[in-house]
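**Q** show me how the following folds:
(one chain, ligands or ions: 1)
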Amino acid sequence: MKSLLICGGVGGAKLAYGFYNSVHHDAFDILVNTGDDFIHLGLHVSPDLDTVIYTLSEEVEVSQGWGRQNESWNMLNELKTLEGDTWFQLGDKDLATHFIRTSMLNDGKSLTDITAHIAGKFGIKSNIFPMSDNLVSTFIKTDRDILSFQEYFVKHRCLPVANDFIFKGSSKAKLNSKINLNDYDNFIICPSNPFISIGPILSIKKINDHLKANKDKVFVISPIVDGDSIKGPTAKIFRELGHEPSVKSVAEFYQDYATNIFIDNKDSEYLKDLNNLGFKVFVDRLVMKSKKSKVDLAKSIVEYLSR
Ligand code: FO1
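**A** I've put the predicted structure just below:
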């Protein structure tokens with residue numbers, strides 16, 4: 001049995017870590033959002049790919065969920081002195097990743113090959129695939145302005161009210177050519193933000209069509225627990241778009257793509273609503289704070305998949 005994890009940043013990386021530490025590394029591949037990639041200070045930064053790589057290799061700064069642990073900030077401090085742009089924090093160790101990615105891209109290598117190179121150097125055995133080798137850039141239409149993803153997420157700390165999302169380049173983007181969707185027995189939509197982390201992946205036609213045509217093989221892990229986001233602005237965005245932040249809204253979002261959903265124990269009151277929406281529901285503990293909780297969740301997902 002082989003699974004494809006469809007993954008954003010921090011939440012998705014935690015579940016991928018659970019899988020990596022409970023099943024064989026060949027039993028799953030990870031398809032990662034690159035809609036929040038951007039060029040910063042001349043460097044190509046791929047935050048979600050790096051978050052997955054750092055998390056799986058236990059190099060991530062656990063308290064924030066992104067970046068390297070035991071990081072130093074010499075470059076950023078010097079940049080501040082020179083009055084450079086310091087709103088996006090690039091640590092010294094993390095910088096090396098962006099340098100190698102940028103220089104390999106300039107040498108004509110694909111993001112897929114570069115990601116495999118970097119993941120290999122971090123000792124990771126599972127496949128980590130960027131969703132596409134073509135550039136897809138997420139923009140958020142807000143009450144103030146149209147903001148690029150990192151402007152919205154980091155510079156404005158998700159404060160502007162979100163109205164809509166644009167995935168620039170997605171109509172022409174090809175799904176990663178290393179992915180053969182027919183190879184997978186099931187698809188796990190990780191507990192990442194549906195709008196800005198999973199949305200960019202679903203904006204690529206080939207995977208969008210495949211999930212819709214294979215809904216019974218698609219398992220959503222809710223990013224909302226007890227009316228709130230596990231992390232980040234998911235609940236806030238649901239509210240801004242006029243929906244209650246609940247597992248029911250998550251199910252409605254994915255209704256065309258999936259017939260299976262994992263919800264937290266705290267949300268079992270929604271069981272009937274979800275059944276009425278056509279979902280088979282699995283109730284478990286979805287909050288992944290410790291290594292054990294990540295592994296436990298992955299194990300129980302695998303157990304359900306093998307039934
Ligand atoms: N997130 C922040 O909230 N502030 C930052 O300064 C920041 C820097 C950063 C640098 C490298 C990297 O890989 C991720 C970084 N992130 C930062 C996280 C990133 O913005 C988000 O995790 C994702 O883009 C959303 O999944």
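**Q** which residues of the protein lie near the ligand?
**A** Residues of the chain lying close to the ligand by C-beta under 6 Å from any ligand atom are 8-10, 36, 45, 47-48, 50-51, 66-67, 88-90, 94, 150, 153-154, 197. (Glycine included, C-beta is placed from N, CA and C.)
**Q** now with 5 Å, please.
**A** Proximity of the chain to the ligand is confined to 9, 36, 47, 50, 66, 88-89, 154 under the rule C-beta under 5 Å from any ligand atom.
**Q** hang on, Cys158 packs against Ala235?
**A** No: Cys158 is beyond contact range of Ala235, at 10.9 Å (criterion: C-beta atoms under 8 Å).
**Q** the two: who's more crowded?
**A** Higher neighbour count among Cys158 and Ala235: Ala235, with 21 against 17, using other C-beta atoms under 10 Å.
**Q** I'd assumed that one was in a helix, is it?
**A** Yes: assignment of Ala235 by DSSP: H, G, I helix; E, B strand; the rest coil places it within a helix.
**Q** which residues touch it?
**A** Ala235 makes contact with 224, 227-229, 245 under the criterion C-beta atoms under 8 Å, 6 or more residues apart in numbering.
**Q** before we move on, what about Ser293?
**A** 285, 287.
**Q** and the pLDDT at it?
**A** At Ser293, the model reports a pLDDT of 96.
**Q** which SS class is it?
**A** Assigned by three-state DSSP, the conformation of Ser293 is helix.
**Q** rewinding a little: widest-spaced pair of the contacts of Ala235?
**A** The largest separation in the contacts of Ala235, counting by C-beta to C-beta, is between Gly227 and Ser229 at 9.4 Å.
**Q** tell me which of the two has more neighbours.
**A** Applying other C-beta under 10 Å to Gly227 and Ser229 shows that Ser229 carries more neighbours, namely 18 against 14.
**Q** need the helices for this protein, in chain order.
**A** According to DSSP state H, the chain carries its helices in the segments 10-20, 47-56, 74-81, 92-106, 111-121, 149-150, 199-202, 205-213, 234-240, 247-254, 271-276, 291-305.
**Q** let's have the ones you listed in a markdown table, adding distance to Asn193.
**A** Listed next are these as a markdown table, based on distance: least, C-beta to C-beta, whole Å:
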| stretch | distance to Asn193 |
| --- | --- |
| helix 10-20 | 8 |
| helix 47-56 | 11 |
| helix 74-81 | 26 |
| helix 92-106 | 22 |
| helix 111-121 | 21 |
| helix 149-150 | 11 |
| helix 199-202 | 8 |
| helix 205-213 | 17 |
| helix 234-240 | 5 |
| helix 247-254 | 11 |
| helix 271-276 | 20 |
| helix 291-305 | 18 |
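**Q** and Asp133, how far is that from Leu175?
**A** Counting by C-beta to C-beta, to the nearest Å, the gap between Asp133 and Leu175 amounts to 10 Å.
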